[in-house]
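Participant: here is a sequence together with a model predicted from it:
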Amino acid sequence: MMKNEDTKSMITVEEADILQEIMNIAFGRAASDLAECIDIFVVLSTPKIKLVRVNDLAEHLNIEIRDFEKVSVVQQNFWGKFKGNAFLVFPADAGTRILSLFQGIDELTDPESNFTLVRETFLEIGNILIGACIGKIAELLGDVATYSPPHITIEKSLHGIVKDNMSDPDSLAIILKTVFEFNEKNVSGYMFIITKQESFSWLKAALRKFVDQFE
């Protein structure tokens, strides 16, 4: 359990509110970019921000997505002054439905071709949503992000998707979470953006600078 004094020392209520507003702007940009690419509207919920210990990170994320027995996950790392990991989590049964988001493709009879198209579709959506969201956050905070190639895990159990093997388990991490929905295809999932304690000092200063420009 996170102690109150730990939370207060790392991020204030005001800073969390500022970060949430930046996330709202970034998620709006991500939704707009996706709509332009695949001509479908994605609804993103108001982002939620939580501070957890790195040691508890895997358990926390797995609890968040406990309604999904199996999941497909697009994971991408990002670097800059703002750095961390992004996870796009879909329920495992979303693959065949989400194919039709691109060029009206329906499920194919060939399982191998179907599996390949599902992977490519998930990766494309991940590239757009994660790239647009992280890029806009970095831009608003005066940073530039670079990315690793996205990695995808298809239809696996929750166990082991997010692992505990991160360094410095007693340090803290900020989890930024939103729920996204493709209403036309009845598909929903989660986006998690995680940045760890090594970025906190810069993040706090960047949030203050962001506010100062409007005062």
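Facilitator: Great, that's in hand.
Participant: pull out the buried residues from the longest helix belonging to the chain.
Facilitator: Looking only at the chain and at elements set by DSSP state H, the helix with the highest residue count is helix 111-140. Within helix 111-140, the residues that qualify as buried by neighbour count (16 or more other C-beta atoms under 10 Å) are 114, 117-118, 121-138, 140. For glycine as for every other residue, the C-beta is placed from the backbone atoms N, C-alpha and C.
Participant: just stretch 207-215 next, same as before
Facilitator: Residues of stretch 207-215 classed as buried under the neighbour-count rule (16+ other C-beta under 10 Å) are 207, 210.
Participant: just use 21 as the starting number from now, easier for me
Facilitator: OK, 21 is where the count begins now, so the last one is stretch 227-235.
Participant: quick one: mean pLDDT over it.
Facilitator: When the per-residue pLDDT values of stretch 227-235 are averaged, the result is 87.
Participant: what's the weakest-modelled helix or strand in the chain?
Facilitator: Using mean pLDDT, DSSP states H and E, the weakest-scoring helix or strand in the chain turns out to be helix 24-30, at a mean of 47.
Participant: next structured bit after the one helix or strand Val94 maps to?
Facilitator: Taking DSSP states H and E as the definition, one finds Val94 inside strand 90-99. Using DSSP H and E, the helix or strand that follows strand 90-99 in sequence is strand 104-111.
Participant: report the angle between that next one and strand 90-99.
Facilitator: Using axes from the mean of the first three to the mean of the last three C-alpha atoms, to 10 degrees, the interaxial angle of strand 104-111 with respect to strand 90-99 works out to 160 degrees.
Participant: only alpha carbons, please: show strand 104-111 as CSV.
Facilitator: Coordinates of the C-alpha atoms in strand 104-111 are reproduced here as CSV (Å, rounded to 0.1, in the frame of the first residue of the first chain):
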residue,chain,number,x,y,z
GLY,A,104,8.4,4.8,-20.1
ASN,A,105,6.2,2.1,-21.5
ALA,A,106,2.8,2.1,-23.2
PHE,A,107,0.4,-0.8,-23.3
LEU,A,108,-2.7,-1.1,-25.5
VAL,A,109,-4.8,-4.0,-24.2
PHE,A,110,-7.6,-5.6,-26.2
PRO,A,111,-9.8,-8.6,-25.2
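Participant: could you list the paired strands of the following helix or strand past the longest helix of the chain along with their orientation?
Facilitator: Counting by DSSP H and E, the next helix or strand C-terminal to helix 131-160 is strand 166-167. Sheet pairing here is set by DSSP bridges, and for strand 166-167 it gives strand 90-99 (antiparallel).
Participant: now the partner strand: buried residues?
Facilitator: The neighbour-count check on strand 90-99 (16+ other C-beta under 10 Å) flags 91-96, 98 as buried.
Participant: any residues touching it, and which ones?
Facilitator: Residues outside strand 90-99 that contact it (C-beta atoms under 8 Å, 6 or more residues apart in numbering): 85, 103-112, 114-115, 138, 142-143, 145-147, 150, 154, 165-178, 181.
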